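Turn this into a structure:
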Amino acid sequence: MRLVDLGSLGMCVLLFATATPARAQTQEEKRRQLQERLGIQRPPTPAPSGQGSADAGSPESPGAPTAPTGATTPPVATPSAPRPGAAARPRGPTFADDARPILAARCGSCHRPEGMAGKTRWVLRGDGSDLESTLRFVKVDAAAQSPLLKKGTGATLHGGKKSLAAESPEYATLVKWIDAGAPAGRAVAVAVEAPPPPAPSASARPSTVATSSEPSAPARVAEASPPPPTPVAQAVDAPAAPVAQAVDAPAAPAVSDDTLRFAPRIHEQLLAGCAGCHAADGFAGSTRYVAGSEPEPHLRTVLALVTPGSVATSLLYQRARGDAHQGGAVWEQGSAELALLARWIDGGAHGAAKPAVATAPSPAPAVAVAAPPPAERPAASSGGPPPGVQLGTFPVLGSLTLNGRFDLNYERLGYNDQPFQGGASNALRSYHHFLFLTRQSTSDPVTLTLEMLSLQFWEVGYRVSGEDWPVKVSAKAGKVLVPFGAEPLFHHSYGGLAGFDQKVLPPVFAREGVTANVQRREGPFLLSADVYVIAGYQLRRADSVLNLQSDFAPLEQTRLGLGTRLGGSWGPLSLWYSAYYNSLGFGRRLFLQSLDVASWRPRGLPVLERFSLAAGFLRADVSGGEAEGYGGPGADYYHFASYFQLRFHPTDWLYLQYRQGLRTFGNQRGQILDSTALTREDASAHNVGAVARWKGLSVGLFQFWNLEKVDEVADDFTRLVVAYEF
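Down below sits the predicted model:
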């Protein structure tokens, strides 16, 4: 009996001793996979999974002891005598054999290149990129909290339906796969036992490369000695069929070229995170950065905001993490996306084209990538506006950029209904002639925006928040753009007219004052709040009707106006509520409110992704003054204005537009329109147009109809506008 017990004890000790290396390997694999996913460093090169560590007798360890006869450790395959029996060792789930088939079956109908989610950050393409894109949504240290699983089970917001049950065997397999470190798996190689030991040359290694598709596979490229870098590149270019057959092997591109390039990974990531606003037709489509579907034009706008090799001085990275960015942080600190962007910038911000195999990489080619030969450039029609003129970095002033917008308009004026009526006139006009000087230094939190030609506005800003604050706080002072409505700069559409045509608010709503902004991101939601104090309105006479465009108090008689704007966005949807209060004198007061909603091309949704829409209304109430004998019933009044805008985008460089709106002034009855006191100022406006953009050049043709409620005026017009911005 004692001998049996002793034998059992010995067997347990032996099993424990043989199991320890495998367990240590699993933890190392977890660490390696996490580092690779976050882009912290190149993955280490342990012995491939399926074999013990070097200390346990792997063939990579010189002088490693041979397993004794009858040992229970798994057999180790050597280059000279591969043993098929090694594959019989029990293994955990892998991506190639277990996870990917589940994801393809449950999610592939939408998350394929031609599917509804084909433009999202996670797309199953059937090649080595599947693992890389999946790892962005995996948390190896907390499998159940992985966005991949939470979206699939419907625990968090998901554009599609619930595709995975938490109690299903598939879910359990995915959890086990992530807990094991999200290993890639091993591609099938049918020629493992075929040839005798090859000569020690680069051409002898392709069969070894094909036997493993795990990220650590490059460590086994040469079994006998560490390979020099040049033969590795040559081995990939050699006509070795097994390399191409390793479909699920994401490590293969790293063997041929371990340089992270703009396309496809960075290009797709920026499209997913930034194109909602920075597309050519988006909220920020007229800024220096425009995200486009073609990699090369997109790269050109990106490189203007990047210092290759220095993430600390790259504006793109600073904005992506939320510094001085009106949209807040695109990706949170510590996220895989932000780490990948930093790795691309620090690696030289390389473009999409692969360098020649025989050419060693150098720090200079990043600039040459930005300007490919003409034969390689895509059609320029898909590009956005140029990103401005970089003036350089100066002491005290910091990094300065020059931007401008200029236009020329041919107009047909003075008719009703159609432009070919007799009596209509022609005109050439320029509405935009602006030159902006911008300071966006990443070395300190001070910013500057100055309209130089006519001083329409100027703002000095300061970022108050720290890196670890839960919110982003900034402040501005000067002749500030008043944060009222959805688009404070030039684009107020209240009343159906925008820019310098609109008749409700000032075309450039800028006043002397200070503003502060607070932003916070909660999962997919971005919340924003502005508060401001400005030099406000003043009534010219107690019984006059306030003109919101021009009745501002002189600066020497400043009347303070207080306001706030609260906003929220979720994907392509945004909502703004604005409120403003101002004492007008004579005991009278102004309370101005607006509500705006917009949806900008929900990417990945057929048909709907071709449309953008915006709608809103404004109401300005003037009341008070009873104590002075000026207010009360019969004297209080309000202004009202609304708009609705729909755009169809057949391509990224062209859109067709319809806009309409109502404007009424001096109303005393009803909520929108006082039909008892109509004048020719009370009207509705309708316009249709088409706009094409090519880099910084845009051409638009518009037809406007102004329909007065009474006393119709011949004020319809046609406009052909040519504009250039840089």
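
how far away is residue 103 from residue 95?
9 Å (C-beta to C-beta, to the nearest Å). No exception for glycine: its C-beta is placed from N, CA and C like everyone else's.

Mutual contacts of those two, please.
Residues touching both residue 103 and residue 95 (C-beta atoms under 8 Å, 6 or more residues apart in numbering): residue 134.

Alpha carbons only: can I get stretch 698-711 in PDB?
C-alpha atoms of stretch 698-711 as PDB (Å, rounded to 0.1, in the frame of the first residue of the first chain):
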ATOM      1  CA  SER A 698     -15.200  74.500 -54.400                       C
ATOM      2  CA  VAL A 699     -17.800  75.400 -56.900                       C
ATOM      3  CA  GLY A 700     -21.500  75.800 -56.100                       C
ATOM      4  CA  LEU A 701     -24.700  76.700 -57.900                       C
ATOM      5  CA  PHE A 702     -27.700  77.800 -55.900                       C
ATOM      6  CA  GLN A 703     -31.200  79.000 -56.500                       C
ATOM      7  CA  PHE A 704     -33.000  81.000 -53.800                       C
ATOM      8  CA  TRP A 705     -36.700  81.800 -53.400                       C
ATOM      9  CA  ASN A 706     -37.700  84.300 -50.700                       C
ATOM     10  CA  LEU A 707     -41.500  84.100 -50.100                       C
ATOM     11  CA  GLU A 708     -42.800  87.100 -48.100                       C
ATOM     12  CA  LYS A 709     -46.000  86.700 -46.100                       C
ATOM     13  CA  VAL A 710     -47.300  90.000 -47.400                       C
ATOM     14  CA  ASP A 711     -46.200  92.600 -50.000                       C
END
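
please renumber so the chain begins at 52
Okay, using 52 as the starting number, the last item reads as stretch 749-762.

Quick check: mean pLDDT of it?
Mean per-residue pLDDT for stretch 749-762: 95.

What residues sit buried inside that stretch?
Neighbour-count burial for stretch 749-762, counted by 16 or more other C-beta atoms under 10 Å, picks out 749, 751, 753, 755, 756, 757, 758, 760.

Go through those residues and flag which are in strands.
The strands, defined by DSSP state E, take in 749, 751, 753, 755, 756, 757, 758 from those.

now, among those, which is nearest to residue 366?
residue 749 (24.1 Å; C-beta to C-beta).

Please tell me how far the closest one sits from residue 146.
For residue 749, the distance to residue 146 - C-beta to C-beta - is 46 Å.

The stretch 452-601 of the chain: strands as residue ranges?
476-480, 484-491, 497-502, 509-514, 523-532, 561-573, 576-586 (DSSP state E, counting those that start in this stretch).

before we move on, the earlier item: want to try CSV for the buried residues of stretch 749-762, with distance to residue 695 as columns?
Below are the buried residues of stretch 749-762 laid out as CSV (distance: C-beta to C-beta, whole Å):
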residue, distance to residue 695
749, 23
751, 19
753, 16
755, 15
756, 15
757, 16
758, 15
760, 18
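
Tell me which two of those residues sit farthest apart.
Longest span within those, C-beta to C-beta: 749 and 760, 33.7 Å.

Switch the strands of the stretch 452-601 of the chain over to JSON lines; also include mean neighbour count.
Shown next, in JSON lines, are those (neighbours: other C-beta atoms under 10 Å):
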{"stretch": "strand 476-480", "mean neighbour count": "11"}
{"stretch": "strand 484-491", "mean neighbour count": "17"}
{"stretch": "strand 497-502", "mean neighbour count": "18"}
{"stretch": "strand 509-514", "mean neighbour count": "18"}
{"stretch": "strand 523-532", "mean neighbour count": "20"}
{"stretch": "strand 561-573", "mean neighbour count": "18"}
{"stretch": "strand 576-586", "mean neighbour count": "19"}
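
Please work out the average pLDDT along the helix or strand encompassing residue 698.
Element membership of residue 698 [criterion: DSSP states H and E] is strand 688-702. Strand 688-702 shows a mean pLDDT of 95.

So what are the sheet partners of the helix or strand following that strand and their directions?
Where DSSP H and E defines the elements, the next helix or strand beyond strand 688-702 is strand 705-718. Applying DSSP bridges, strand 705-718 is found paired with strand 688-702 (antiparallel), strand 734-745 (antiparallel).

mind listing the helices for the stretch 352-501 of the chain?
For the stretch 352-501 of the chain, the helices defined by DSSP state H, counting those that start in this stretch occupy 366-371, 387-397, 416-420.

Can you say which of these is nearest to residue 462?
helix 366-371 (37.7 Å).

Packing partners of the closest one?
If you count contacts as 3 or more C-beta pairs under 8 Å, 6 or more residues apart in numbering; DSSP states H and E, helix 366-371 packs onto helix 387-397.
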